[in-house]
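Engineer: Test case, fold it:
(one chain, ligands or ions: 3)
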Amino acid sequence: MTALTLSTAAASGLRADAIVVGVAKGPKGPVVAPGAEAVDKAYDGGLAAILETLGATGAEGEVTKLPAPSGFKAPVVVAVGLGAVPEKDESFSAEALRRAAGVAARALAGAKKAAFALPVTDAADAGAVAEGARLGAYAFDAYKETGRGGSAAKNGKAPLAEVTLLGGKPRDAAYKAAVARATAVTEELNRARDLINTPPNDLTPEAFAAVATAAGKEHGIKVQVLDEKALAKGGYGGILGVGAGSAAAPRLVKLSYTSPKAKKSLAFVGKGITYDSGGISLKPAGHNETMKCDMSGAAAVFAAVVAAARLGLEVNVTGWLALAENMPSGSATRPGDVLRMYSGKTVEVLNTDAEGRLVLADALWKASEDKPDAIVDVATLTGAMVLALGSRTFGVMANDDAFRGSIVEAAEEVGEESWPMPLPEHLRKGMDSPTADIANMGERMGGGLVAGLFLREFIGEGITWAHLDIAGPAFNEAGPFGYTPKGGTGSAVRTLVRLAELTAAGDLG
Ligand code: BES
Ligand code: MN
Ligand code: ZN
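Structural biologist: Ligands and ions are numbered 1, 2, ... in the order given. The predicted model follows:
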């Protein structure tokens with residue numbers, strides 16, 4: 001993974017493949033952003049004019065490469081767009097820096113080392129640049145020749161290996177902490193992306209559980225794995241019912257990070273369908289090619305718990321990974337079957353493609369038994385949420401309006417787009433079943449909210465709960481943008497980590 005160092009060196013003397021500078025969109029053309037004064041001076045103050053000649057405007061996402069000024073050790077200057085010049089007395093937002101750093105890191109794929117001279121005004125800005133650079137430099141090449149010990153130089157696309165952050169204060173404790181935080185969060189987030197991108201023939205529930213067990217050992221997190229036998233003994237009808245059609249048996253994984261100084265406890269619950277074919281209610285072609293991404297919620301939960309442990313947050317965080325593969329076969333659950341859930345409720349399965357709520361129901365009820373201060377689940381739950389909010393925004397539902405608001409705010413703080421969604425009571429009766437306590441499907445309209453209402457039935461009495469439907473942003477089918485690659489994005493990881501930090505600080509719940 002991309003190495004990061006803070007430095008006060010002068011850009012001119014740095015041995016690097018490129019110097020990255022920021023360019024903003026001003027009212028009269030591109031403006032060189034603070035942090036690049038020395039570089040601009042070496043062009044005799046003409047950098048903005050050169051950039052304008054080359055067609056640069058300073059728009060977000062824009063990359064302009066030019067020869068470095070004479071005397072520079074680095075051969076190339078990369079000017080990256082930051083968007084509009086900030087209002088008077090304001091600085092560039094953390095998210096603008098994160099995105100610009102990500103764009104620059106992507107543009108420098110194949111290079112070894114780059115120095116980033118972006119407008120960093122405080123430690124948080126340095127953290128944002130560090131995050132953007134490492135997230136943007138991400139590549140999933142485990143299944144390419146280059147990833148198997150072949151020559152990365154062959155296609156010139158190995159991720160940028162080393163980043164020097166200029167303009168920070170390397171000896172300042174706040175800067176060091178911000179970069180260390182960024183390192184832990186981005187390493188775990190990129191690991192979540194790897195899990196999401198790993199093909200489903202390799203990432204079975206058992207394989208995912210093994211990854212969690214190994215990470216637990218490494219980071220002092222207690223990991224308990226319930227295999228199919230233990231699930232049967234415990235009466236986990238939801239998880240077993242979804243996994244029944246697959247040759248790869250389901251698992252329920254509990255990760256417990258505890259801090260001796262914790263005053264509060266959080267439970268994160270993730271949907272971990274390692275592949276969603278739809279089951280007997282098979283998805284049509286065109287709807288199943290990306291369904292390896294259906295364990296993105298579990299990947300986010302896993303990454304967030306490990307990050308919380310690495311950061312030593314003073315809060316207890318339990319992660320639950322509800323892992324199963326949804327396949328059709330002679331042993332698969334049929335539409336019409338009734339499952340007896342871990343909570344004791346019975347569910348009539350009307351559509352085997354509404355499987356996420358079934359595995360989550362068992363995990364949510366189990367998580368409730370520990371009586372955490374709050375439960376947050378994360379799931380690629382419904383196509384309806386993608387229709388409602390598009391592919392970059394996740395929906396937030398909750399049984400507590402203030403908690404829902406805090407989550408949307410926390411997401412915004414870390415640069416994730418989310419939106420509050422309601423749980424309209426009248427939609428509950430659509431799930432009434434003539435046979436069982438509830439059906440796993442209701443009205444088609446508002447399908448994302450119906451799914452949220454189903455989950456609410458499996459939250460223990462009096463526990464604050466929120467549900468993040470990340471079906472849109474979990475997997476990027478379009479081209480890369482900002483620090484977001486194609487494929488698995490790591491959606492919700494940063495929001496969960498932020499929630500753990502806020503809870504530790506006593507600022508949440
Ligand atoms: N995993 C899907 C939801 C999904 C859709 C995730 C698109 C990512 C992108 C989920 O299991 C599903 O199939 N939901 C159904 C529910 C329906 C049958 C009630 C849906 O949304 O169509
Ligand atoms: Mn499904
Ligand atoms: Zn699914």
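Engineer: Run the chain-centre distance for the helix of greatest length in the chain.
Structural biologist: Looking across the chain with DSSP state H, the single longest helix is helix 173-197. A distance of 11 Å separates the centroid of the chain from that of helix 173-197, by Cα atoms, centre = their mean, to the nearest Å.
Engineer: buried ones in that helix?
Structural biologist: Residues of helix 173-197 classed as buried by neighbour count (16 or more other Cβ atoms under 10 Å): 175-176, 178-179, 181-197. C-beta coordinates here come from the backbone N, C-alpha and C atoms, glycine included.
Engineer: Whatever helix or strand comes next after it: which residues count as buried?
Structural biologist: Once helix 173-197 ends, the next helix or strand along the chain (criterion: DSSP states H and E) is helix 205-219. Neighbour-count burial for helix 205-219, counted by 16+ other Cβ under 10 Å, picks out 205-209, 211-213, 215-216, 219.
Engineer: Figure out the helix or strand that the residue located most distally from the centre of the chain lives in.
Structural biologist: Here the centre of the chain is the reference, and by Cα atoms, centre = their mean the most remote residue is residue 44, at 42.7 Å. Of the helices and strands defined by DSSP H and E, none includes residue 44.
Engineer: does the residue nearest to residue 350 when sequence neighbours are not counted count as helix, strand or coil?
Structural biologist: What sits nearest to residue 350 in space, not counting adjacent residues and going by Cβ to Cβ, 6 or more residues apart in numbering, is residue 441, at 4.5 Å. Under DSSP: H, G, I helix; E, B strand; the rest coil, residue 441 falls in the coil class.
Engineer: so residue 441 touches residue 354, yeah?
Structural biologist: Yes - the pair residue 441 / residue 354 is scored as a contact, 5.2 Å apart, by Cβ atoms under 8 Å.
Engineer: Comparing the two, which residue is more hemmed in?
Structural biologist: Counted by other Cβ atoms under 10 Å, residue 441 and residue 354 do not tie: residue 354 has more neighbours, with 25 against 22.
Engineer: That one falls within a helix, correct?
Structural biologist: No - Residue 354: not assigned to a helix; according to three-state DSSP it is coil.
Engineer: Report the distance from the helix or strand that residue 339 is a member of to the chain centre.
Structural biologist: Counting by DSSP H and E, the element that carries residue 339 is strand 338-340. Mean-position distance between strand 338-340 and its chain equals 32 Å (Cα atoms, centre = their mean).
Engineer: elements contacting it?
Structural biologist: helix 237-243, strand 346-348 (3 or more Cβ pairs under 8 Å, 6 or more residues apart in numbering; DSSP states H and E).
Engineer: For the residue of the stretch 151-300 of the chain found nearest ligand 3, grab phi and psi.
Structural biologist: When scored by Cβ to the ion, the stretch 151-300 of the chain has residue 276 as its residue closest to ligand 3, at 3.7 Å. Note on residue 276: its backbone torsions stand at phi -110, psi 100 [degrees, to the nearest 10].
Engineer: which residues does it contact?
Structural biologist: Residue 276 sits next to 283, 288, 291, 294, 326, 353, 355-356 when contact means Cβ atoms under 8 Å, 6 or more residues apart in numbering.
Engineer: Can you sort out which of those residues also neighbour ligand 1?
Structural biologist: 294, 353, 355-356 (Cβ under 6 Å from any ligand atom).
Engineer: ok, and which of those residues reach ligand 2?
Structural biologist: Restricting these to those near ligand 2 by Cβ under 5 Å from the ion leaves 353, 355.
Engineer: Serialize the ones next to ligand 1 among the contacts of residue 276 to JSON lines and add fields for neighbour count, pLDDT and distance to residue 71.
Structural biologist: Formatted as JSON lines, the ones next to ligand 1 among the contacts of residue 276 follow (neighbours: other Cβ atoms under 10 Å; pLDDT from 0 to 100; distance: Cβ to Cβ, whole Å):
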{"residue": "294", "neighbour count": "29", "pLDDT": "98", "distance to residue 71": "54"}
{"residue": "353", "neighbour count": "21", "pLDDT": "98", "distance to residue 71": "63"}
{"residue": "355", "neighbour count": "30", "pLDDT": "99", "distance to residue 71": "62"}
{"residue": "356", "neighbour count": "29", "pLDDT": "99", "distance to residue 71": "59"}
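Engineer: In the ones next to ligand 1 among the contacts of residue 276, find the pair that's most separated.
Structural biologist: The span of the ones next to ligand 1 among the contacts of residue 276, defined through Cβ to Cβ, is set by 294 and 353 at 10.6 Å.
Engineer: what's near enough to touch the closest residue to ligand 2 within the chain?
Structural biologist: Using Cβ to the ion, the closest approach of the chain to ligand 2 is made by residue 353 at 3.9 Å. Going by Cβ under 8 Å, 6+ apart, residue 353 touches 276, 278-279, 281-283, 326.
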